[in-house]
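Colleague: Sequence and predicted structure are below.
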Amino acid sequence: MSNPHHVKHKIRRRCKIVATLGPATDDESVLADIIQAGVDVVRVNFSHGSIEEQIGRARQTRETAQRMGRHVAVLADLQGPKIRIEGFVAHRVELTEGADFVLDTRLGARAGTSERVGVTYKTLPQDVKPGNLLMLDDGNLCLRVVVVDDHEITTQVVTGGMLSDSKGINLQGGGLSAPALTAKDLADIKTAAAMGADYLAVSFPRTAADIQQARELFRSAGGKGGIVAKVERSEAITNIEEIIHASEAVMIARGDLGVEIGDAELPGVQKTIINRCRSLNRIVITATQMMQSMVENPQPTRAEVMDVANAVIDGTDAVMLSAETAVGKYPKKVIESMARICVGAEKQRRTLVSNHRMSSRFDTIEEMIAMASMYTANHMDVSAILALTESGTTARLMSRISSGIPIFAMTRHPEVGRRVSLYRGVYAVDFDANQVPVGQVNRTAVAEMQRLGAVQKDDLVLVTKGDMSGIAGGTNSLKIVRVGEVF
C-alpha cells in the first residue's frame, strides 16, 4: 500500500483560522496583514460596536480579500441573551467572601454599591432558587443564592474579588429561561443578511428549534449563509444531537459553557462534540481563549500551544481567535503562531488517517462519491482531489475524512468559495465548468490546477463532478487521472 501521507508540493495548513475583527484590525494594512498571514474566516461580533462599524468591517474584508485573491468568509455572530449585572456608582466594587450581596432587578443602570447591583434580565428571580450558584465575570466570582423574592436575589459571596460594570451572570448547571433570540438579535439578523454574511452564529441556543427560528428569520431577510450553533449552555449539551443535526456548523464556545458545566468537564465535552460533528458531516469550530496571552504578549504560552494542537489533532475544522485579534497588540503574530501550531499538529498520523463511515450505509450518490474518493486517495499516491462543485457539498463530505491530501473545491460561485473556506482541508478555486465543452471539463480543470502550481506533470489526481453541469447536488462521477497524459 502506498504511503497516504505522501505530499509532493508545499505543505498546506488544513485546519482553518477564524479571526474576530475589532479596533485592532480596522486599519486596512493590519487587515491585509492578517489575511496574508492565513485568516480564512473573519468574525463580526454584534456584541460590540455599531451596526455601521460591523457593515464596514465586512465590506472592507471582502474588498481586501478580493484584491489579494483570497476567499475569506464572513461570520456574523449574534450577541444573544447575555445576562449581565448593571453598573456601579464607582464602576467597580470589591466583594468579600462570606458577605451578603443583593441582585436587585429594580436598581438603576449605574446605581450599584458594594451591597447590591441591578440586573439586565428582569425575570432572573423566577429562574433561581436558594442553594443555586451564580457565576459572575466568566466564573471569577461565585454567589450562593440564599433568599429569592419577586425583585431581589439575596446571595452570599462564595468566591470574592473585584466586580466591575456589566459583567455576565451564569447559573451553574444551566436553567435560565431567556430566549435565544433577543430584540437586538432580530435586528442584527437583518443586518447580517444585508452584509451577505456567509455564516450566522446563534448564541446560547438550547434546542434545535432555536436554530430553526434563526434560519427562518435569516432566510426571510434574504440571508443565504449557513447557521452556526454556539454551544455555551448546559441545556445545549443535553440536546447536542438535535442541535448538530439542525446546524451547518457548531462552535464550541468554551467561555460561558465552561462556567455552566464546570471547567473540569470541558475537555471531554469538546472532544465529544468534535467527534459527533464529524460523524454527522457537520463543521465544527473550537473557540475561546485559545491564544489569550497574545492579547498582550508576542508569543503564546506552552499551554496555549497544546490547547490549539489538541483541538487540531481531535479533528476540529477551525480554531477561533477573539480578543487576540479584535483588540490585541499583535494580530498578525497571533495568526502566524496559530498557523504554525496547526501545521505542526497536522503532522501527527491520527490527523491523516480515518475509519469514518467505513461500516455505514450512504444516504446519497454524492456522499458515496465523496467517500469513495477519500478512500481511494488515502490508499493511492494521490497528490490532489479536484471537486467540481455547485454547492460545496461534495467537498464538505470529503473533508469529514482525515487526510493529508488537499481537496480543491472548484466552483463558479463566489459565495461557495467563501463557504468552503471554513472546511478543514478544502481550498476554493474559481472555475466555471459551464464555460468549457462537456468533453473537456476534466482536462481543463486539471490544466488550471497545473497552471496554479497545485499539481504538476505525472501527479495522480482525482476529479469528481456531475454529468449535468450547473446542477447543485448532482455529483455522480469519480475519475482518476495522471497529469500530462491524454484523457
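Modeller: That came through, no problem.
Colleague: My guess is Val148 contacts Pro125. True?
Modeller: Yes. Between Val148 and Pro125 there is a contact at 5.3 Å, judged by C-beta atoms under 8 Å. To be clear about C-beta, it is placed using only N, CA and C from the backbone, and glycine gets the same treatment.
Colleague: surely Leu124 meets Leu103?
Modeller: Yes. Leu124 lies in contact with Leu103 (C-beta under 8 Å); the separation is 6.8 Å.
Colleague: If you count surrounding residues, which of those two has more?
Modeller: Neighbours were counted for Leu124 and for Leu103 using other C-beta atoms under 10 Å; Leu103 has more, 27 against 21.
Colleague: who touches the more buried one in this structure?
Modeller: Neighbour list for Leu103: 85, 116-119, 124, 134, 143, 152-153, 155, 169 [criterion: C-beta atoms under 8 Å, 6 or more residues apart in numbering].
Colleague: Among the residues you listed, which lie within strands?
Modeller: Cross-referencing those against strands under DSSP state E gives 116-117, 134, 143, 152-153, 155, 169.
Colleague: I'd like to know which elements the helix or strand harbouring Val42 is packed against.
Modeller: Assessed by DSSP states H and E, Val42 sits inside strand 41-45. The elements that strand 41-45 packs onto, with contact taken as 3 or more C-beta pairs under 8 Å, 6 or more residues apart in numbering; DSSP states H and E, are strand 16-20, helix 51-68, strand 73-77.
Colleague: Output the ones you listed in CSV; the columns should cover distance to Tyr330.
Modeller: As requested, the helices and strands packed on strand 41-45 are arranged in CSV below (distance: least, C-beta to C-beta, whole Å):
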stretch, distance to Tyr330
strand 16-20, 12
helix 51-68, 19
strand 73-77, 22
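Colleague: Could you dump those into TSV with mean pLDDT added?
Modeller: Output for the helices and strands packed on strand 41-45, formatted as TSV (pLDDT from 0 to 100):
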stretch	mean pLDDT
strand 16-20	98
helix 51-68	97
strand 73-77	98
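Colleague: I figured Ser383 hits Lys457, correct?
Modeller: No. Using C-beta under 8 Å, Ser383 is not in contact with Lys457, being 10.9 Å away.
Colleague: So for the two, which residue has more residues nearby?
Modeller: Remark: of Ser383 and Lys457, Ser383 carries more neighbours, 23 against 9, as counted by other C-beta under 10 Å.
Colleague: Is it correct that the more buried one falls within a strand?
Modeller: Yes. Per DSSP: H, G, I helix; E, B strand; the rest coil, Ser383 lies within a strand segment.
Colleague: Let me see the confidence value for it.
Modeller: Predicted confidence (pLDDT) at Ser383: the value is 94.
Colleague: same deal with Met371?
Modeller: At Met371, pLDDT is 82.
Colleague: surely it meets Leu397?
Modeller: Yes. Met371 is in contact with Leu397 according to C-beta under 8 Å; the separation is 7.2 Å.
Colleague: Quick check on the two: which one has the bigger neighbour count.
Modeller: Leu397 (25 against 19).
Colleague: What values do phi and psi take at that one?
Modeller: phi -60, psi -40 (degrees, to the nearest 10).
Colleague: isn't it right up against Ala370?
Modeller: Yes. Using C-beta under 8 Å as the test, Leu397 is close enough to Ala370 to be in contact (3.6 Å).
Colleague: re earlier: in CSV: the contacts of Leu103, plus pLDDT and distance to Arg278.
Modeller: What follows is those, written out as CSV (pLDDT from 0 to 100; distance: C-beta to C-beta, whole Å):
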residue, pLDDT, distance to Arg278
Ile85, 97, 39
Arg116, 97, 48
Val117, 98, 43
Gly118, 97, 44
Val119, 96, 40
Leu124, 96, 37
Leu134, 97, 35
Leu143, 98, 39
Glu152, 97, 47
Ile153, 98, 42
Thr155, 98, 42
Ile169, 95, 34
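Colleague: Now list the buried members of the residues you listed.
Modeller: For the contacts of Leu103, a burial check counting by 16 or more other C-beta atoms under 10 Å picks out 85, 116-119, 124, 134, 143, 152-153, 155, 169.
Colleague: Report how many residues lie close to the residue lying closest to Pro23 once chain neighbours are set aside.
Modeller: What sits nearest to Pro23 in space, not counting adjacent residues and going by C-beta to C-beta, 6 or more residues apart in numbering, is Val327, at 6.0 Å. By other C-beta under 10 Å, 15 other residues sit near Val327.
Colleague: Assess the claim that Val327 and Gly22 are in contact.
Modeller: Yes. Using C-beta under 8 Å, Val327 is in contact with Gly22, at 5.3 Å.
Colleague: does the residue nearest the centre of the chain sit in a helix or strand, and which one?
Modeller: Compute the mean C-alpha point of the chain, and by C-alpha atoms, centre = their mean the closest residue is Ile285, 3.6 Å away. Per DSSP H and E, Ile285 falls inside strand 283-287.
Colleague: That strand pairs with which strands, and in what direction?
Modeller: The strands that strand 283-287 pairs with in its sheet are strand 249-253 (parallel), strand 318-321 (parallel) (by DSSP bridges).
Colleague: Can I get the helix or strand just after it as PDB, trimmed to CA atoms?
Modeller: Helices and strands here follow DSSP H and E; after strand 283-287, the next one along the chain is helix 302-314. In PDB, the C-alpha atoms belonging to helix 302-314 read as follows (Å, rounded to 0.1, in the frame of the first residue of the first chain):
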ATOM      1  CA  ARG A 302       3.100  26.300  26.000                       C
ATOM      2  CA  ALA A 303      -0.300  25.500  27.400                       C
ATOM      3  CA  GLU A 304      -1.900  27.500  24.600                       C
ATOM      4  CA  VAL A 305       0.200  25.700  22.100                       C
ATOM      5  CA  MET A 306      -1.000  22.400  23.500                       C
ATOM      6  CA  ASP A 307      -4.600  23.600  23.500                       C
ATOM      7  CA  VAL A 308      -4.700  24.500  19.900                       C
ATOM      8  CA  ALA A 309      -2.700  21.500  18.800                       C
ATOM      9  CA  ASN A 310      -5.000  19.100  20.700                       C
ATOM     10  CA  ALA A 311      -8.100  20.600  19.100                       C
ATOM     11  CA  VAL A 312      -6.500  20.100  15.700                       C
ATOM     12  CA  ILE A 313      -5.500  16.500  16.400                       C
ATOM     13  CA  ASP A 314      -9.000  15.800  17.600                       C
END
